[in-house]
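A.B. asks: just a sequence and a predicted model for now, questions to come.
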Amino acid sequence: MLIKKLSIFLLFILIPLSAFAEQQESPEALGLINALGCKACHNLAGEGGSLAPTLDKIGSRKTAKQIEQHLVDHLKPNPDAFMPSYNTTSKKELKQISDYLYNLQ
Ligand code: HEC
């Protein structure tokens, strides 16, 4: 009984903490998005170009994995796409970007 109460108590502490940790990551992901020039083509939070679909609600259309795949592999199904492939960007950075974008729902 005590264990059950304790774990419920822990959940109430850990869930807000993890949300806080995610928010802490965002500025870094946003820095990468700015540094890699995504906004030359994409609009994000009212900033950027209109050559490509807006990234604002991308998380409601694609999973984090699909976003990550798009960044490195989209030229395979669509060789004429003019979005560059980010296959030289590190796995860690690609994951940061796609997790961040996925959370925009
Ligand atoms: C030179 C212009 C250009 C740049 C720079 C660019 N994109 Fe794109 N992006 C496009 C275009 C055009 C499309 C739509 C056609 C396609 O899917 O390739 C697109 C599609 C996407 C999609 C899929 C959108 C959807 O609605 O399914 C994602 C996700 C994406 N881009 C993310 C990024 C990120 C993140 C960056 C920066 C790391 C970036 N793009 C840089 C032009 C660009």
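C.D. replies: Arrived safely, thanks for sending.
A.B. asks: does His70 touch Thr63 like I think?
C.D. replies: No. The criterion here is Cβ atoms under 8 Å, and His70 misses it with Thr63 at 10.6 Å. (Each C-beta comes from the backbone N, C-alpha and C, glycine too.)
A.B. asks: which one of the two is surrounded by more residues?
C.D. replies: His70 (19 against 11; other Cβ atoms under 10 Å).
A.B. asks: please, which helix or strand holds the more buried one?
C.D. replies: Element membership of His70, judged by DSSP states H and E, is helix 64-73.
A.B. asks: right, is stretch 55-68 up against the ligand?
C.D. replies: Yes. Counting by Cβ under 6 Å from any ligand atom, the ligand has neighbours in stretch 55-68: Ile58, Arg61, Lys62, Ile67.
A.B. asks: likewise for stretch 40-52?
C.D. replies: Yes. Remark: stretch 40-52 sits within contact range of the ligand at Ala40, Cys41, His42, Leu51, Ala52, by Cβ under 6 Å from any ligand atom.
A.B. asks: would you list those residues in JSON lines and tack on pLDDT?
C.D. replies: Shown next, in JSON lines, are those (pLDDT from 0 to 100):
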{"residue": "Ala40", "pLDDT": "97"}
{"residue": "Cys41", "pLDDT": "97"}
{"residue": "His42", "pLDDT": "98"}
{"residue": "Leu51", "pLDDT": "95"}
{"residue": "Ala52", "pLDDT": "95"}
